[in-house]
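Engineer: pasted the sequence and its predicted model underneath.
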Protein chains: 2
Amino acid sequence: MTYCVGMMLDRGLVMMSDTRTNAGVDNISTFNKMHTWEVPGERVFILMSAGNLATTQAVMSTLDERTKAPEHRAPSLLETPSMFQAARLVAETLRDVIAAHESAGPTGDSPFSATLILGGQIDGGPPRLFMIYPEGNFIEAGPDTPFFQIGETKYGRPILVRAYDPEMSFERALKLLLVSFDSTLKANLSVGLPFDFQLYETDTLQLGHRSRINADDPYFHEISSEWGEALKQALDSLPDFKLDT
Amino acid sequence: MTYCVGMMLDRGLVMMSDTRTNAGVDNISTFNKMHTWEVPGERVFILMSAGNLATTQAVMSTLDERTKAPEHRAPSLLETPSMFQAARLVAETLRDVIAAHESAGPTGDSPFSATLILGGQIDGGPPRLFMIYPEGNFIEAGPDTPFFQIGETKYGRPILVRAYDPEMSFERALKLLLVSFDSTLKANLSVGLPFDFQLYETDTLQLGHRSRINADDPYFHEISSEWGEALKQALDSLPDFKLDT
């Protein structure tokens, strides 16, 4: 399993992913699920993945190869005229990788499936955020749905729904995401530290701060241990049920 | 879908269930998912169900019939010597009902399946709480796992994990459950009001307060609307992430 969240704020994009991959519970590894491309001053892409690791790595590598030698760049993320075209290119690559493996032999219940979140900005347009499905289609975030989750989405969703605010700072957004990730971590063994995050500030057209939060990160431990107490106090602040006995 | 929680407290049991049943999203109904039996001074049972409605109603009706005429009471919930035997009886009834339908014709992916939560007390023993699987086996709550959820369990789980306290009052437990149910309600259309709850106070050997929380319940609206604000304040109370920029 996996947990990734891509969030659109007034000041830009915040993307966070876990790094655990597993085949059963007795075969776990750490892999980077967040890939970035940039042409400073022109375009920035951040891509996160959930699903079959061979599929998502093939998608990343295919996209990556097409950015290297100029003569191989058609079609390339570095040459798409818009974020919409970039999302289409990523989606087609994903669909093609899945189709190539599914047509190559017997398969079970869509074992090559994967879902992606793509965020970024190309000069001349606003930052945009997409969720890309294994079928090769995609949806875009907007004011009503300003963030996307992929992987194990349920445990960490209520806090995002309640506390998301488009005006918040990157610092607060990272705190919110860590609470959401912590709730998920506590409930699903297949989501695990370290977490990677990437910030992108609107109109800078270059990647912002990127960092990895490791298992021994003191800030994460502080959030994790104090959130329980904060929740209890939140519950205290509401009136108790009144039993008419 | 469904959402039910059975919770063991020092002072007794708290059980809450939603009432929505659905076949697709365009065919929804309201059904009671909480059934009780009592012999005052001797035994009390509270049974909640998630899963195929025909299965769970058949289980309830079968158990119910066996409590009516004394000559049909073998085996009956009203005659089991212990809570363990009661759980076994309910589990066997569930397994038999599922098996009867599965063997009667073609089936898909276990469409007759159901999961139950049984709580109660029989004179001479302590209150006990069980989760009963469609296979006819079951597990019991204990200090490490003092509550069970069935149905759509994920959205409402983090707050239960964080804020559960065995020493809390029934009034606080109901507040906690309503927050958990509200988080679920906001995320899954197939969980819906009204909610039923039943209290049982240890060693009283009679059913405690039972009530239904309807869609226009002012207390529930207060909890639902104020919880968002309380969560934001909880998030405020934690230190923001520090970007070393």
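Structural biologist: Yep, that arrived.

Engineer: got the phi/psi numbers for residue A:57?
Structural biologist: With angles defined as degrees, to the nearest 10, residue A:57 sits at phi -70, psi -40.

Engineer: so where's chain A shaky on pLDDT?
Structural biologist: A:73, A:107-110, A:245 (pLDDT under 70).

Engineer: strands along that one, start to end?
Structural biologist: A:3-9, A:12-17, A:20-22, A:28-30, A:34-39, A:43-51, A:114-122, A:128-132, A:138-140, A:147-151, A:195-201, A:210-213 (DSSP state E).

Engineer: in TSV: those, plus distance to chain B and mean neighbour count.
Structural biologist: (Each C-beta comes from the backbone N, C-alpha and C, glycine too.) As requested, those are exported to TSV (distance: least, Cβ to the nearest Cβ, whole Å; neighbours: other Cβ atoms under 10 Å in any protein chain shown):
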stretch	distance to chain B	mean neighbour count
strand A:3-9	12	26
strand A:12-17	10	25
strand A:20-22	18	19
strand A:28-30	21	12
strand A:34-39	17	18
strand A:43-51	16	26
strand A:114-122	18	25
strand A:128-132	17	23
strand A:138-140	18	16
strand A:147-151	11	23
strand A:195-201	8	23
strand A:210-213	8	16
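
Engineer: what's the closest non-adjacent residue to residue A:196?
Structural biologist: Of all residues not flanking residue A:196 in the chain, residue A:34 sits nearest, at 4.8 Å (Cβ to Cβ, 6 or more residues apart in numbering or on different chains).

Engineer: you'd agree that neighbour is up against residue A:50?
Structural biologist: No: in this structure, residue A:34 is not within contact of residue A:50 by Cβ atoms under 8 Å, at 11.2 Å.

Engineer: overlap in contacts of the two?
Structural biologist: The contact sets of residue A:34 and residue A:50 overlap at residue A:4 (Cβ atoms under 8 Å, 6 or more residues apart in numbering or on different chains).

Engineer: quick one: contacts for residue A:49?
Structural biologist: A:2, A:4, A:33, A:35, A:56, A:59, A:60, A:114, A:115, A:116, A:117, A:150.

Engineer: put together JSON lines for these, with distance to residue B:105 on each row.
Structural biologist: As requested, the contacts of residue A:49 are exported to JSON lines (distance: Cβ to Cβ, whole Å):
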{"residue": "A:2", "distance to residue B:105": "39"}
{"residue": "A:4", "distance to residue B:105": "43"}
{"residue": "A:33", "distance to residue B:105": "45"}
{"residue": "A:35", "distance to residue B:105": "50"}
{"residue": "A:56", "distance to residue B:105": "41"}
{"residue": "A:59", "distance to residue B:105": "43"}
{"residue": "A:60", "distance to residue B:105": "47"}
{"residue": "A:114", "distance to residue B:105": "37"}
{"residue": "A:115", "distance to residue B:105": "36"}
{"residue": "A:116", "distance to residue B:105": "42"}
{"residue": "A:117", "distance to residue B:105": "43"}
{"residue": "A:150", "distance to residue B:105": "38"}
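
Engineer: ok, which of the strands of chain A comes nearest residue B:217?
Structural biologist: With Cβ to Cβ, the closest approach to residue B:217 among the strands of chain A belongs to strand A:147-151: 30.3 Å.

Engineer: if you drop the residues flanking it in sequence, what lies closest to residue A:86?
Structural biologist: residue A:80 (4.3 Å).

Engineer: quick check: the one you found vs residue A:12, distance?
Structural biologist: In this view, residue A:80 and residue A:12 are 20 Å apart by Cβ to Cβ, to the nearest Å.

Engineer: now residue A:141
Structural biologist: 13 Å.

Engineer: how far does stretch A:182-189 sit from its chain's centre?
Structural biologist: For stretch A:182-189, the separation from the chain centroid amounts to 16 Å (computed by Cα atoms, centre = their mean, to the nearest Å).

Engineer: where exactly do the helices run in chain A?
Structural biologist: Assigned by DSSP state H, the helices in chain A fall at A:53-65, A:83-102, A:157-163, A:170-187, A:218-236.

Engineer: could you dump the ones you listed into JSON lines with mean neighbour count added?
Structural biologist: Output for the helices of chain A, formatted as JSON lines (neighbours: other Cβ atoms under 10 Å in any protein chain shown):
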{"stretch": "helix A:53-65", "mean neighbour count": "18"}
{"stretch": "helix A:83-102", "mean neighbour count": "19"}
{"stretch": "helix A:157-163", "mean neighbour count": "21"}
{"stretch": "helix A:170-187", "mean neighbour count": "24"}
{"stretch": "helix A:218-236", "mean neighbour count": "17"}
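
Engineer: among those, which comes closest to residue B:181?
Structural biologist: Evaluated over these, closeness to residue B:181 peaks at helix A:157-163, with 11.3 Å, by Cβ to Cβ.

Engineer: quick one: residues in contact with that closest one.
Structural biologist: Helix A:157-163 is contacted by residues A:5, A:7, A:147, A:149, A:176, A:179-180, A:183, B:155-156, B:158-159, B:183, B:186-187, B:227-228, B:231-232, B:235 when judged by Cβ under 8 Å, 6+ apart.

Engineer: one more time with 6 Å
Structural biologist: Helix A:157-163 is contacted by residues A:176, A:179, A:180, B:155, B:183, B:187, B:228, B:231, B:232, B:235 when judged by Cβ atoms under 6 Å, 6 or more residues apart in numbering or on different chains.

Engineer: so what's the residue count around residue A:24?
Structural biologist: Residue A:24: 7 surrounding residues under other Cβ atoms under 10 Å in any protein chain shown.

Engineer: before we move on, what about residue A:156?
Structural biologist: So residue A:156, with other Cβ under 10 Å, has 28 neighbours.

Engineer: nearest residue to it other than its sequence neighbours?
Structural biologist: Sequence neighbours aside, residue A:180 is the residue nearest to residue A:156 in space, at 3.6 Å (criterion: Cβ to Cβ, 6+ apart).

Engineer: cool, residue A:190 as well?
Structural biologist: Distances taken as Cβ to Cβ, 6+ apart place residue A:1 nearest to residue A:190, at 3.5 Å, with adjacent residues excluded.

Engineer: the one you found: neighbour count?
Structural biologist: Neighbours of residue A:1 (other Cβ under 10 Å): 16.

Engineer: surely it meets residue A:154?
Structural biologist: No: using Cβ atoms under 6 Å as the test, residue A:1 is too far from residue A:154 to be in contact (11.3 Å).

Engineer: ok, now how distant is residue A:225 from chain B?
Structural biologist: Computed as Cβ to the nearest Cβ, to the nearest Å, the residue A:225 to chain B distance reads 10 Å.
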